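Asker: task: produce atomic coordinates for the following.
(one chain, ligands or ions: 1)
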Amino acid sequence: MISTDVCIIGAGPAGASTSLMLSKLGISHYIVDKANFPRDKTCGDGLILYVFKVLKLIDPKLLKAFINHPKFIHTWKGELHVSDTIGIKIHKKENALHAPIFYGKRIDFDQFLVDQLPSSFATIDLGNPALSFTPQNNGIIVKLKNGKEVHSKVIIGADGLQSIVSKKLAGNSIDKTRTSIFISAYFKNLKHLPKDNEAEIRILYKGIPLFFYIFPLPNGEANVSLGGQSTAIQQHKISLKTEIEHIIKTHPKIAHKFTKAKRLSNWRGWGIPCNFGHLKVSGDRFMLVGDSAGLANAFYKEGVGTGMMSGIIAANKIKECLKTDSFKEKDLYDYESRLETELGKLLKYSRGALKLVTYKNSFKRGVFIFKKLIERKVDAIIDSRTY
Ligand SMILES: Cc1cc2nc3c(=O)[nH]c(=O)nc-3n(C[C@H](O)[C@H](O)[C@H](O)COP(=O)(O)OP(=O)(O)OC[C@H]3O[C@@H](n4cnc5c(N)ncnc54)[C@H](O)[C@@H]3O)c2cc1C
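Answerer: Next up is the predicted model:
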């Protein structure tokens, strides 16, 4: 039996950030992932807001290494096209510390984080799924697929959308009404993309709002994705694959970019959970971080940065609990309110914005009238949650 203070299930951005912060705080832990790394994750590959803040919190040198990494590119600009004529622009002045949007394939970003994990406080066990949890008086035992058993004082569930920690310890289940579903694929040879790596996001209506993204990547590749609210897509019998192939062949603002394009991968789909506030995120000897805590942003689907930030908050909470060596439900209870304090407003706004988008004409009119105000608000959000 292996004995440690903390066992983290999942080494994606949320689990890796928890581990890095625990190492910084000098807390011994075991981190396990079912996948061998480098491992891929279906994503839009856009990195914003909290990603940079967390890297800097862990170590300013880590942020610098990320910014200078050849596999990540950046932009100072982006546009959310609400219709063919109305858009909300992000246009950061280039005198900020660094660009507000980076792009990089998740296989590279997640590996970048995992490469930082080795420390005298971390034991890393990849390619080894966690199977079950057995609560004890003085801790909890995690059984791994290869037969190993890890005894720890507290478990961190960082195991994503289909988290077994969330299911088995918290009793949560996936809430499709608060989940988005997206598909994405890699392309090369796109033409006429906006200048300076500008992010292109379009809201397209097919009875319900669908979000279409083109995020440029290094080496002239791009990540192209489409998705929307999960139950609405089901109810409207929308096939995202059929729809996105139709869009890239026929849409007047999009098709000309794809005339010479070559798809490099299959369309892959996955869910994005936006149900923080509607599920249990801590209890006797466990806390959930990242997607397992439903922390993705409902409107623009960012879950990497919010997940990483939750890892920092969980690690700090563990440090406090270690002082009294108590990890009961009542000791971990205020973890949720700390998440709420840091991320609650952002996630609430994003859920509100997602509701407004469904009222197509009113939304367009609202954006037309309040465009400048919205752009100032977006700018302020970027400033306060990025730098
Ligand atoms: C199509 C799409 C586009 C997206 N675009 C963006 C975007 O552009 N920007 C953005 O910020 N977010 C985006 N997201 C959301 C983002 O991908 C997630 O929010 C993010 O990956 C959450 O990180 P995480 O660490 O919580 O979970 P994950 O990245 O899912 O990591 C969970 C880890 O747990 C491991 N695991 C699972 N079960 C077990 C087990 N039993 N034992 C051990 N290990 C286990 C997995 O192997 C995995 O490595 C997108 C999502 C989708 C689907």
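
Asker: please report how far E149 lies from the ligand.
Answerer: 14 Å (C-beta to the nearest ligand atom, to the nearest Å). (Glycine included, C-beta is placed from N, CA and C.)

Asker: how about the residues of this protein by the ligand?
Answerer: Along the chain, the residues adjacent to the ligand under the rule C-beta under 6 Å from any ligand atom are 9-15, 32-35, 39, 41-46, 129-130, 158-160, 164, 182, 184, 225, 270, 272, 290-291, 296, 301-305, 307.

Asker: by mean pLDDT, which helix or strand of this protein comes out lowest?
Answerer: Each helix and strand of the chain was given a mean pLDDT (mean pLDDT, DSSP states H and E); the minimum falls on strand 87-91 at a mean of 86.

Asker: against K71, how distant is A65?
Answerer: 12 Å (C-beta to C-beta, to the nearest Å).

Asker: P218 now?
Answerer: 6 Å.

Asker: shared neighbours of these two, which are they?
Answerer: Common neighbours of P218 and K71 are listed as G104 (criterion: C-beta atoms under 8 Å, 6 or more residues apart in numbering).

Asker: of the residues of the chain next to the ligand, buried ones?
Answerer: 9-15, 32-35, 39, 41-46, 130, 158-160, 164, 182, 184, 225, 270, 272, 290-291, 296, 301-305, 307 (16 or more other C-beta atoms under 10 Å).

Asker: what's across from I101 in the sheet?
Answerer: As for beta bridges, I101 partners with I48, T75 under DSSP bridges.

Asker: that one: neighbour count?
Answerer: Neighbourhood size, I101 [other C-beta atoms under 10 Å]: 23.

Asker: I'd say it and D45 touch.
Answerer: No - with contact defined as C-beta atoms under 8 Å, I101 does not reach D45; the gap is 10.9 Å.

Asker: how much space between N316 and the ligand?
Answerer: For N316 relative to the ligand (C-beta to the nearest ligand atom), the value is 18 Å.

Asker: looks to me like that residue is in a strand.
Answerer: No - assessed by DSSP: H, G, I helix; E, B strand; the rest coil, N316 does not belong to a strand; its assignment is helix.

Asker: ok, it - contacts?
Answerer: So N316 contacts M21, L25 (C-beta under 8 Å, 6+ apart).

Asker: what segments of the protein are helices?
Answerer: 13-24, 50-58, 60-67, 106-115, 164-168, 230-235, 240-250, 304-324, 329-332, 335-339, 345-357, 360-386 (DSSP state H).

Asker: report the buried residues of the last one.
Answerer: It stands for helix 360-386. Those would be K360, F363, K364, V367, I374, E375, V378, D379, I381, I382, R385, T386, for helix 360-386 by 16+ other C-beta under 10 Å.

Asker: just stretch 78-98 next, same as before
Answerer: Buried, per 16+ other C-beta under 10 Å, within stretch 78-98: G78, E79, L80, H81, V82, S83, G87, I88, I90, K92, H98.

Asker: could I get those as JSON lines with distance to Y213?
Answerer: Shown next, in JSON lines, are the buried residues of stretch 78-98 (distance: C-beta to C-beta, whole Å):
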{"residue": "G78", "distance to Y213": "10"}
{"residue": "E79", "distance to Y213": "11"}
{"residue": "L80", "distance to Y213": "10"}
{"residue": "H81", "distance to Y213": "11"}
{"residue": "V82", "distance to Y213": "14"}
{"residue": "S83", "distance to Y213": "16"}
{"residue": "G87", "distance to Y213": "14"}
{"residue": "I88", "distance to Y213": "14"}
{"residue": "I90", "distance to Y213": "14"}
{"residue": "K92", "distance to Y213": "19"}
{"residue": "H98", "distance to Y213": "22"}
